[in-house]
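Asks: When you get a sec, could you give me coordinates for this:
(2 chains)
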Amino acid sequence: MKKNNIEGWLFVSPLVIWISLIIIVPIYIAFELSLFNVKIIGTSGKFVGIDNYIKLFGKSKFLNASLNSFYWIIGNAICQTFFAFTIALTINYKFPGKKIMANWIILSFIIPTVVVVVIWKLMLSSSSGVINSVLIDIGLLDEATGFFSSPNKAFISLVLINSWRWSPFLALIILSGLNSINREMYDASKVDGANFVQQFLFITFPNLKSVLFVLGLVGTLLSFNIFDIIWLITKGGPSSATTTLPLLIYETAFTKFRISQAATLSIITSFLLLLFSIIFIKSMAPKEDD
Amino acid sequence: MIKENNIKLIFLSLSLLLIIIIFFFPFFWIVTSSFKSPEEIIATSTTIIPRSFTLEHYNKILFNSDFFIYLKNSLIVSFTSMIISIILSVSAAYGLHKLKFYGNKFVEYALLVTYAFPGVILLVPIYLLFAKVNLLNSYFALIIVNVLFATPFAVWMLKAFFKLIPNEIEEAAYIDGASRYIVISRIIVPLAAPGIASVSIFCFIISWTEYLFASILISGDDLKTLPVGLAGIVGQYQIDWGFLLSGAVLSSLPVILLFIFIGKYFVSGLTEGAIK
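Replies: Prediction:
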């Protein structure tokens, strides 16, 4: 196809300008702040150079939050891949009600996150939650447990809640990949005697490469980004067990009012994520034919 | 042969059952609970089939709270964000996928990365920036941010729909003397209508559910959106569950209504288009 340089940029530029302004200007402001010692918003601090950065690496809070973020991404990736593939492979079969199911499965994605929080706070409540009473009824628990009371339980519960919200959406994107696979490949493999595990490993999975690339990149960044579900349920506790980097940034800025520190955290975080994205795109981007 | 089909059938029914329990039962639970009496909601012995029925929680939230103010704010912010997002992303998607230009792969990947760009990193500097230019406590503050969050993925979704439109149709129109504007408004937009519908819902949902920025950039009660209002109840020490549940149900209702009418375009937009 012939190139339309000027016209192409003309069509793209309104969006590109909007996005760059809203990302680049704030990043510049954050960078500037990170070199000063500003505490409360609106006041000016003195220039401290890279002091904020040096101090940060010695802080156990920063290391703790980075580790939590790492576990958060891994935990969500595992859970969401499992749920999303189960949903996608199930909906891919023909059964009565398939259309309705495929349309409404993403109910958990279209409702406000705050509602997700309300749902699971009620269902997992230690005094009157339905999950507790079901688990007791079937004999898995002796007495009601607080799902957010110990560090590990709180972390796992939050990973599951977040996966509950996102998996159906991811499932639909995987489904789009499944729909694009040529049916004849399955028929041919059946003639050769392949069972459905082999079909999944050698036909389904390789053909989903470009979808999985996008999901791997976007999914990781999106999981990292999760703030409201954690904040509204545990506030980062108990004992900072669920404080991921986004929560640390928020806390530093808006409950401890250390603006420069929060800005420094933001800059380091953006740098790490940018590095991840570049490496991921360079090493995993599928080759395109067109 | 028959044996393998049986195993498949068992697997299918089992996973269907699990999916229904995990992904649909919670909705049944909060909707029915929102009609239960306060005592039944917090009772230690939970009841799957409700024993009591009351409208008192809905009565309270509709006639004795700021619900309608929050609803109005959410509607204004979400609709405006949606319209701006669509205009910007249709234009960008057209440029990216119908007119090849120097740098277009770069823009495409950059957009994908910005989609996932962690909003929280921007939180502090955007707050300071908006404070400087007097945008705090305004609808526009939220609209600017929502458009930023919605458009990158919107462009990605539109890509598929634009690629489905054969270039020959466009070329024929140019030969007949049509201008670029005519081609876009009479050919591209109508042919990509299902795609545009699904992108609209996506943009609306993104704005409708946004909590973090809405909670920081808006401090006046008269401008708060529904998620922020609801979160205020969640944060209270003694949660009034009935009040909270009816609020949760009512806040979800608008997106669900929207979804009833154009939801099938959204799902087909994701499942049929996204990959091409």
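Asks: low-confidence ranges in the stretch 1-150 of chain A?
Replies: Along the stretch 1-150 of chain A, segments meeting pLDDT under 70 span A:1-3, A:40-43.
Asks: biggest helix in the chain, by residue count?
Replies: Using chain A here. Assignment by DSSP state H gives helix A:60-91 as the longest helix of chain A.
Asks: right idea, wrong chain: chain B
Replies: Chain B, longest helix under DSSP H: helix B:67-98.
Asks: which helices and strands does it pack with?
Replies: helix A:5-34, helix B:104-115, helix B:139-164, helix B:193-209, helix B:226-234, helix B:241-268 (3 or more C-beta pairs under 8 Å, 6 or more residues apart in numbering or on different chains; DSSP states H and E). Quick note: C-beta positions are derived from backbone N, CA and C, even for glycine.
Asks: The helix or strand following the first one: which residues count as buried?
Replies: The C-terminal neighbour of helix A:5-34 among helices and strands, as given by DSSP states H and E, is helix A:51-58. The neighbour-count criterion (16 or more other C-beta atoms under 10 Å in any protein chain shown) identifies A:N52, A:L56 as the buried residues of helix A:51-58.
Asks: now the angle from helix A:51-58 to helix A:60-91?
Replies: Going by axes from the mean of the first three to the mean of the last three C-alpha atoms, to 10 degrees, helix A:51-58 is angled at 70 degrees with respect to helix A:60-91.
Asks: Give me the residues contacting helix A:51-58.
Replies: A:S34, A:L35, A:N37, A:F62, A:S260, A:Q261, A:A263, A:T264, A:L265, A:I268 (C-beta atoms under 8 Å, 6 or more residues apart in numbering or on different chains).
Asks: now these as a markdown table including distance to chain B and neighbour count?
Replies: Output for these, formatted as a markdown table (distance: C-beta to the nearest C-beta, whole Å; neighbours: other C-beta atoms under 10 Å in any protein chain shown):
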| residue | distance to chain B | neighbour count |
| --- | --- | --- |
| A:S34 | 10 | 25 |
| A:L35 | 13 | 19 |
| A:N37 | 15 | 17 |
| A:F62 | 15 | 19 |
| A:S260 | 10 | 23 |
| A:Q261 | 10 | 25 |
| A:A263 | 6 | 29 |
| A:T264 | 10 | 26 |
| A:L265 | 9 | 31 |
| A:I268 | 10 | 20 |
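Asks: quick check, nearest of those to B:L217?
Replies: A:A263 (17.2 Å; C-beta to C-beta).
Asks: was I right about that closest one contacting B:V124?
Replies: Yes. Counting by C-beta atoms under 8 Å, B:V124 is a contact partner of A:A263 at 5.8 Å.
Asks: Give me the common contacts of these two.
Replies: Common neighbours of A:A263 and B:V124 (C-beta under 8 Å, 6+ apart) are A:A30, A:L33.
Asks: and the longest helix of chain B, which residues are buried?
Replies: B:67, B:69-71, B:73-75, B:77-82, B:84-86, B:88-98.
Asks: the inter-axis angle of it versus helix B:193-209?
Replies: Using the same axes, to 10 degrees: helix B:67-98 against helix B:193-209 is 140 degrees.
Asks: distance between helix B:67-98 and the chain's centre?
Replies: Relative to its parent chain, helix B:67-98 has a centroid offset of 10 Å by C-alpha atoms, centre = their mean, to the nearest Å.
Asks: can you check stretch A:199-212 too?
Replies: Its chain's average C-alpha position is 22 Å from that of stretch A:199-212, according to C-alpha atoms, centre = their mean.
Asks: Looking at it now, give me its mean pLDDT.
Replies: Stretch A:199-212 comes out with an average pLDDT of 80.
Asks: List of residues touching that stretch?
Replies: Here stretch A:199-212 has contacts from A:89, A:173-174, A:176-178, A:180-181, A:185-186, A:189-190, A:194, A:286, B:274-275, using C-beta under 8 Å, 6+ apart.
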